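Colleague: Return a 3D structure for these sequence lines:
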Amino acid sequence: MGHISTTIQRNKPILLKGIPRLIARLHPEHPKLPVLQKQLYRIGAGYSGECNVDSYIERTQFPQTVKIFTDVHLCISPKCTFQIDTLVIAERYVLIVEVKNLKNTVRFVPNPPHLEQVLETGDEVVLDCPVYQIEANRLNLDEWFRQRGIHLNTLGLLVLANPNTKVVDAPDNFPIIYKKQIPFYLQKLKPAEKILTPHQIRDITKQIYAEQQQFNPFPLCSFYHINPDDLRKGLLCRNCHGRLQRKNRETWHCPRCIKDAEDPYNDAIQDWFILVKNSMTNSDCRIFLSLKDGNAARYVISRSSLVKKGKSTATFYISGDKIIRL
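Modeller: Numbering: from 1, shown residues only. Predicted coordinates:
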């Protein structure tokens, strides 16, 4: 059999779009703002590192049938789900790849397991231990396979996306490599016996896709325990988050960045569903968009793709396919 190359598809984390909308709607002095900004940076850095590592995995010439999954969310019991950044399933091994995009120096501390990141300023930040995380995921994945009649031992690999990361006190019994070393590592990873057939890999692929758990943090106010009353109301500029002013019937203008915004109503409606609630009433629309009355809200809703539910005073609307695009 000839060598096999592969293409990896990785979806952008939905929080990378959701969190900026929450930040835009919060006042600059809100106490949750620094936490959200830090998490947004961490998620963005993580996603960037994973995409970067994906490009090196794609350069690998695999000598066998292989399937690569990204952002795997599986369940082994009603109260136990687990998430894997990258999962490589080949005929001779099943490998969990955990990617960390860290700066400066990181020190592994075994008891209790954690990382200490030493910043350029000399400050230390305590992080979860990625090796412990991989080992926990290995046990969970092995159990997921066992429940489906497949008995094997999953392997783990920690990849550092930043080539300038300095590692101190790394564990001797666990593989930790830099991203450029991935093709060499994977091409040399050839256990003696095959543990899966191509047919089994196809069946496992179908099962993973069928059982994939969807991460849904919306609405974000509930997810982050923020009072929706803390959100700024009205129509906001997509560029600078300043409050828009009406220019004519169809166009709004941002006096801060001197740009026009055509039909910003759907942007604000989308913010409602991302941040506040999975349904909207006429009153919700009027208050959140700062409209003059219920007739104006009715007009805005009629131009959107919201789907009407209920009758009379019990009428409410849910999002159509064109509203939430994450």
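
Colleague: Can you list the neighbours in contact with stretch 48-57?
Modeller: The contact list for stretch 48-57, computed with CB atoms under 8 Å, 6 or more residues apart in numbering, reads 6, 8, 10, 68, 70, 85-86, 88, 97, 99-101, 159, 161-162, 179-180, 182-183, 186. Heads up, the C-betas are built off the backbone N, CA and C, glycines and all.

Colleague: please redo it, this time with the cut-off set to 6 Å
Modeller: For stretch 48-57, contacts defined as CB atoms under 6 Å, 6 or more residues apart in numbering pick out 8, 10, 85, 99, 101, 159, 161, 179, 182.

Colleague: List only those of these flagged as buried.
Modeller: Buried subset of these (neighbour count, 16 or more other CB atoms under 10 Å): 10, 85, 99, 101, 159, 161, 179, 182.

Colleague: one step back: mind picking the two most distant members of the contacts of stretch 48-57?
Modeller: Pairwise distances across these peak at 16.6 Å for 8 and 101 (criterion: CB to CB).

Colleague: Which single one of the contacts of stretch 48-57 is nearest to residue 205?
Modeller: residue 8 (14.1 Å).

Colleague: ok, that closest one touching residue 67?
Modeller: No. Using CB atoms under 6 Å, residue 8 makes no contact with residue 67, being 10.6 Å away.

Colleague: Quick check: closest non-adjacent residue to residue 27.
Modeller: Spatial nearest neighbour of residue 27, chain neighbours left out: residue 232 (6.6 Å); criterion: CB to CB, 6 or more residues apart in numbering.

Colleague: Point to the helix or strand of the chain where mean pLDDT is at its lowest.
Modeller: In the chain, no helix or strand scores lower on mean pLDDT, DSSP states H and E than strand 259-262, which sits at a mean of 85.

Colleague: where do the helices sit along the stretch 101-250 of the chain?
Modeller: 130-146, 182-188, 198-211, 220-223 (DSSP state H, counting those that start in this stretch).

Colleague: what about stretch 134-143, distance to the chain center?
Modeller: In terms of CA atoms, centre = their mean, to the nearest Å, the centre of stretch 134-143 is set 21 Å apart from its chain centre.

Colleague: Show the subsequent helix or strand relative to the least confident helix or strand of the chain.
Modeller: Downstream of strand 259-262, the next assigned helix or strand under DSSP states H and E is helix 265-275.

Colleague: before we move on, the earlier item: would you mind giving the helices of the stretch 101-250 of the chain as JSON lines with mean pLDDT and distance to residue 242 added?
Modeller: Conversion of these to JSON lines gives the following (pLDDT from 0 to 100; distance: least, CB to CB, whole Å):
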{"stretch": "helix 130-146", "mean pLDDT": "97", "distance to residue 242": "40"}
{"stretch": "helix 182-188", "mean pLDDT": "92", "distance to residue 242": "44"}
{"stretch": "helix 198-211", "mean pLDDT": "95", "distance to residue 242": "43"}
{"stretch": "helix 220-223", "mean pLDDT": "97", "distance to residue 242": "21"}
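
Colleague: Relative to residue 23, which of these is closest?
Modeller: helix 220-223 (10.1 Å).

Colleague: what comes up buried for the closest one?
Modeller: Within helix 220-223, judged by 16+ other CB under 10 Å, the buried ones are 220-221.

Colleague: What lies in contact with it?
Modeller: 18, 22, 217, 228, 275-276.

Colleague: Next: stretch 282-289.
Modeller: 233, 268, 272, 294, 297, 301.

Colleague: Pull up the per-residue confidence for the last one.
Modeller: Here the pLDDT value assigned to residue 301 is 94.

Colleague: With residue 179 as the reference, measure out to residue 127.
Modeller: For residue 127, the distance to residue 179 (CB to CB, to the nearest Å) stands at 19 Å.

Colleague: sorry, that was for residue 188
Modeller: Relative to residue 179, and taking CB to CB, residue 188 is found at 16 Å.

Colleague: for residue 213, what are its contacts?
Modeller: Residues in contact with residue 213 (CB under 6 Å, 6+ apart) are 73, 75, 81.

Colleague: Kindly report the same for residue 212.
Modeller: Residue 212 is in contact with residue 73, counting by CB under 6 Å, 6+ apart.

Colleague: for residue 196, same thing?
Modeller: Applying CB under 6 Å, 6+ apart to residue 196 gives the contacts residue 91.

Colleague: gap between it and residue 248?
Modeller: Separation of residue 196 from residue 248 (CB to CB): 64 Å.

Colleague: Kindly state the pLDDT recorded for residue 5?
Modeller: For residue 5, the pLDDT comes out at 56.

Colleague: Take the helices of the stretch 101-250 of the chain and lay them out in JSON lines including distance to residue 113.
Modeller: Formatted as JSON lines, the helices of the stretch 101-250 of the chain follow (distance: least, CB to CB, whole Å):
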{"stretch": "helix 130-146", "distance to residue 113": "4"}
{"stretch": "helix 182-188", "distance to residue 113": "23"}
{"stretch": "helix 198-211", "distance to residue 113": "28"}
{"stretch": "helix 220-223", "distance to residue 113": "27"}
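
Colleague: Before I go, just wanted to say thanks for your time.
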